[in-house]
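Enquirer: Sequence first, then the predicted structure:
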Amino acid sequence: MEFTFCPLFSGSSGNCLLACADDTRVLVDAGVSVRAILGELATLGVKPDALSGILITHEHSDHIRSVGALSRRFGLPVYASEGTWQAMEDKVQGVALRNRRAFCAGQDFFIGGLGVQPFSIPHDAADPVGFCLHYAGRKVAVATDLGCLQAGWMQAVSGAQALLIESNHDPDMLARGPYPAALKRRIRGRRGHLANEECARALEQLLPTGLRGVMLGHLSGENNLPELAYGAAHRALSALGARVGEDVSLEVARRDGRSSLLTVA
């Protein structure tokens, strides 16, 4: 009973993750081109018509760019919150009525043998969620586009053995960077994106709950560097006495292609 997940793309320019629980295979988001997604699936030996569906976190374009095209081409069900469906209705045209699935945050459901638990996240979208995925007593969590540390989503992902978590920006790089002042305020805001040190504080709280594999995701291409994100997380985990690479794995998810395939043991 193998349970694996792999970020295919993770960054402010596009996001897509594959989770597999034996013969159930789902994408979380599809925010890059269809060609790019199919190419990375092929490297893992996954045929798109074998997918069981697409889970949507929220309606921003870096998460839904190819949702409609994938659903139409391969007949894939699309799962999104009620508010997200309303917000993305005109952006994912052509999804057949039979393939539209709506849920509410906190309402658990199944796709094949995979348990799905959506939870609310603090982000400037209509009805954004993260996901906990359950299979055979194991738990994986996907938590990106987080404006701040908040008890609700922290409690939801607690107990996950593996986690994709946002480590979006370095505050100094953001302050010195070329973004307009309004966009900088949005990113720093409580419904924006997590900074590296905020992500590190989250990991400090989550490690004692059983966390054994960490992927740092949704890094900004303009306001962060992989070594900065990794360094902040490494320091936080090491300060708790964890041996990175032995007690807990730590990796920065790639922006432009798939990262390592992580098996949840």
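Expert: Happy to help now that I have it.
Enquirer: could you list every residue that touches residue 38?
Expert: Counting by C-beta atoms under 8 Å, 6 or more residues apart in numbering, residue 38 touches residue 48. C-beta here means a position set from N, CA and C on the backbone, and glycine is covered the same way.
Enquirer: So what pairs up with the residue most central in space within the chain in the strands?
Expert: Geometric centre of the chain, nearest residue: residue 142, 4.2 Å, by C-alpha atoms, centre = their mean. Counting by DSSP bridges, residue 142 is bridged to residue 131, residue 164.
Enquirer: residues touching the spatially closest residue to residue 16 that is not a sequence neighbour, list them.
Expert: Closest residue to residue 16 apart from its sequence neighbours, by C-beta to C-beta, 6 or more residues apart in numbering: residue 8 at 4.5 Å. For residue 8, the contact set (C-beta under 8 Å, 6+ apart) comprises 16-18, 27, 32, 37, 40-41, 257-258.
Enquirer: try it again with 6 Å
Expert: Listed by C-beta atoms under 6 Å, 6 or more residues apart in numbering, the contact partners of residue 8 are 16, 18, 40, 258.
Enquirer: Next, it: secondary structure please.
Expert: strand (DSSP: H, G, I helix; E, B strand; the rest coil).
Enquirer: quick one on the thing from earlier: tabulate the contacts of residue 8 in a markdown table, adding columns for secondary structure.
Expert: Converted to a markdown table, the contacts of residue 8 look like this (three-state DSSP):
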| residue | secondary structure |
| --- | --- |
| 16 | strand |
| 18 | strand |
| 40 | helix |
| 258 | coil |
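Enquirer: closest to residue 147 among these?
Expert: Proximity to residue 147 was ranked across the contacts of residue 8 by C-beta to C-beta; first place goes to residue 16, at 21.7 Å.
Enquirer: who's in contact with that closest one?
Expert: By C-beta under 6 Å, 6+ apart, the neighbours of residue 16 are 8-9, 27, 29-30, 32, 37.
Enquirer: coming back round to it: most neighbours, which of the contacts of residue 8?
Expert: residue 16 (27 neighbours; other C-beta atoms under 10 Å).
Enquirer: From residue 4, how far out is that residue?
Expert: 15 Å (C-beta to C-beta, to the nearest Å).
Enquirer: swap in residue 210?
Expert: Distance from residue 210 to residue 4, by C-beta to C-beta: 18 Å.
Enquirer: Looking at those two, which has the bigger crowd around it?
Expert: residue 4 (18 against 11).
Enquirer: isn't the more buried one right next to residue 20, touching?
Expert: Yes - using C-beta atoms under 6 Å, residue 4 is in contact with residue 20, at 4.9 Å.
Enquirer: any idea which of the contacts of residue 8 is closest to residue 94?
Expert: Of these, the one sitting nearest to residue 94 (C-beta to C-beta) turns out to be residue 16, at 18.9 Å.
Enquirer: Just give me the neighbour total for residue 180.
Expert: Based on other C-beta under 10 Å, the number of other residues close to residue 180 is 8.
Enquirer: To clarify, my last question referred to residue 127.
Expert: Neighbours around residue 127, by other C-beta under 10 Å: 20.
Enquirer: The closest residue to it other than its chain neighbours in helix, strand or coil?
Expert: Sequence neighbours aside, residue 83 is the residue nearest to residue 127 in space, at 2.5 Å (criterion: C-beta to C-beta, 6+ apart). Put simply, residue 83 is helix when judged by three-state DSSP.
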